[in-house]
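**Q** Here is the input, now give the coordinates:
(2 chains)
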Amino acid sequence: MRPGKSLKPEAPDANELAGLLRTGTARLHDARNTTLALESRFDLAYNAAHALCLAALRRMGYRAAHRYIVFQVLPHTLGLGPEVWRVLDKCHNTRNLGEYEGLLDVDERLVNDLIEATAAVAKAIQP
Amino acid sequence: MIKPNMGISISPPASTSLADALFPKVRQRVLAVLFGAPDRSFYATEVIALAQSGSGAVQRELAGLSEAGLLTVTRQGNQKHYQANAGAPVFAELRGLVLKTVGLADALRAGLAPLAGQIDLAFVYGSVARQQDTAQSDVDLMVVSSSLGYGELFGALESATLALGRKVNPTLYAPAEWDKRIALDSAFITRVLSQPKIWLIGNEEQLHAPSA
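**A** Numbers count the residues shown, from 1 in each chain, chains lettered A, B, ... in the order given. This is a model prediction of the structure:
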């Protein structure tokens, strides 16, 4: 991976990494709670995915200029393929439509697939 | 409810594809490059690389298509640039053929082929199907399946995404969810249903089949 405009080198920080892994794991756990609203589970899983993917990038000594980049670099940071990173990328777009245009269109399948992809990230990032 | 395709072969083998019946192989590839991205020009070595075909064969196609007025040729220094000629009398029809066959639909059909048994409906909608796309436009894909997940779908579409040089943006619904959204008359589904589509699996009749 070559740092360009979208990636800036920044030395990894043990506390930051631990914090991201902790919040990612906790939110992923709660996202599976089917008593919560589907939208809430989506938010939890999306934020878990972002924290874990950011941790993977920070661990390699980079920070991203935009949120979506942490998903797109997953093939490089954790060796994960399109069946994971494209799902997260899609959910990023879904999340943006919800946050900025009030059009959060999630169904059970998308939330389940997001949780599955996030779980794959959580598994891949374990030392 | 959407009826499953009962053992009907959905993706014909490569030897009987629509594109093969219409055009020889190298012409297909040259048309796919130039009519797949009609808003930009290519120099010959680019077309040769993108078409992954022999230099002589590609040059012959470029010469023939230019002579017929299907391509415009402009000189930039000592390079010849080729571009789909939007002024050609059959431009829209040929672009439509390319999109529905070699340029787009065949690549997507091939990607979906291993999953075809699990898919009730699949079609391209949005700017590509309306022929209003630019080189940056995503390919919007609708898939109705009771068993597929996004992970599997993205995995299957990866090679098509790379071949097309464009992002494929699928929306996946379970049949019940699809029926529910049609019944609810959601703005998104209504817009999708009323617009042109490029069918990959299933057809318009299946779409309007009465619920069982």
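
**Q** all helices for the chain, in order.
**A** Went with chain A since none was named. Taking DSSP state H as the test, the helices found in chain A are A:14-31, A:38-59, A:69-72, A:74-77, A:82-101, A:108-125.

**Q** hm, I was asking about chain B
**A** Secondary structure of chain B (DSSP H): helices at B:18-22, B:25-36, B:44-51, B:55-67, B:91-98, B:105-112, B:150-164, B:175-184, B:187-194, B:204-207.

**Q** right, and those helices - which one's nearest A:Asp43?
**A** Closest approach to A:Asp43 among those (Cβ to Cβ): helix B:150-164, 17.6 Å. For glycine as for every other residue, the C-beta is placed from the backbone atoms N, C-alpha and C.

**Q** Residues in contact with that closest one: which ones?
**A** The contact list for helix B:150-164, computed with Cβ atoms under 8 Å, 6 or more residues apart in numbering or on different chains, reads A:81-84, A:86-87, A:90, A:109-110, A:113, A:116-117, B:36, B:103-104, B:107-108, B:110-112, B:114-115, B:139, B:141, B:143, B:167-168, B:170, B:172.

**Q** tell me the angle that helix makes with helix A:82-101.
**A** Relative orientation of helix B:150-164 and helix A:82-101, computed by axes from the mean of the first three to the mean of the last three Cα atoms, to 10 degrees: 100 degrees.

**Q** now helix B:150-164 and helix A:108-125, what's the angle there?
**A** 80 degrees.

**Q** the inter-axis angle of helix B:150-164 versus helix B:25-36?
**A** Using the same axes, to 10 degrees: helix B:150-164 against helix B:25-36 is 100 degrees.

**Q** and helix B:150-164, average pLDDT?
**A** Average pLDDT, helix B:150-164: 90.

**Q** And residue 58, what's its pLDDT?
**A** Picking chain A for this. With respect to pLDDT, A:Arg58 scores 97.

**Q** Sorry, I should have been clearer: chain B.
**A** For B:Val58, pLDDT reads 96.

**Q** Next: B:Val33.
**A** 88.

**Q** cool, and B:Asp133?
**A** 71.

**Q** cool, and A:Pro127?
**A** We have a pLDDT of 68 for A:Pro127.

**Q** What of B:Asp179?
**A** 90.

**Q** I'd like to know which of the contacts of helix B:150-164 are buried.
**A** Buried subset of the contacts of helix B:150-164 (neighbour count, 16 or more other Cβ atoms under 10 Å in any protein chain shown): A:82-84, A:86-87, A:90, A:109-110, A:113, A:116-117, B:36, B:103-104, B:107-108, B:110-112, B:115, B:139, B:141, B:143, B:168, B:170, B:172.

**Q** Just give me the neighbour total for the residue lying closest to A:Arg86 once chain neighbours are set aside.
**A** Nearest in space to A:Arg86, with sequence neighbours left out and distances taken as Cβ to Cβ, 6 or more residues apart in numbering or on different chains, is B:Phe154 at 3.9 Å. For B:Phe154, the neighbour count with other Cβ atoms under 10 Å in any protein chain shown is 25.
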